[in-house]
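> fold the following, please.
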Amino acid sequence: MTTHSLTNSLTHSLTYSLTYLLTSSVLGIVLFALQIEDLKKDKGNCRVFLNPAQFVIPENDGELDIVAFVLAKNKAQSDLSFSSGTHLLTHLLTH
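Coordinates of the predicted model:
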């Protein structure tokens, strides 16, 4: 199990279920939880969501710290960050 920040992965606006489906079927990564911390309002108060099916991943505009919990073969495979400006769907469809 590894954790990975979703700060630059641009998975926002996707439901957890769709993100899970895309990452598991295309990348071979099992996404099983999200940890979200509001850096402005409740700093230090994290919420962990275990398989939150229809939860829409919010845009990370610097006010949130979003961490994905994933199962992968190794740390390198678990990396969900992509080049700046590339949404997860765009990345998966072009690779």
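> distance of P52 from C46?
Counting by C-beta to C-beta, to the nearest Å, the separation of P52 from C46 is 14 Å. All C-beta atoms are positioned from the backbone trio N, CA, C, and that covers glycine.
> ditto for S13
S13 is 22 Å from C46, by C-beta to C-beta.
> rewinding a little: looking at P52 and C46, which is more packed in?
Neighbour tally, P52 and C46, criterion other C-beta atoms under 10 Å: the higher count belongs to P52, 17 against 12.
> so the more buried one, which state does it fall into?
Following DSSP: H, G, I helix; E, B strand; the rest coil, the label given to P52 is coil.
> and for the one 10 residues further on?
Reducing the assignment to helix, strand or coil with three-state DSSP, the entry for G62 is coil.
> residues touching it, list them.
Residues in contact with G62 (C-beta atoms under 8 Å, 6 or more residues apart in numbering) are L39.
> how near is it to L27?
G62 is 26 Å from L27, where distance means C-beta to C-beta.
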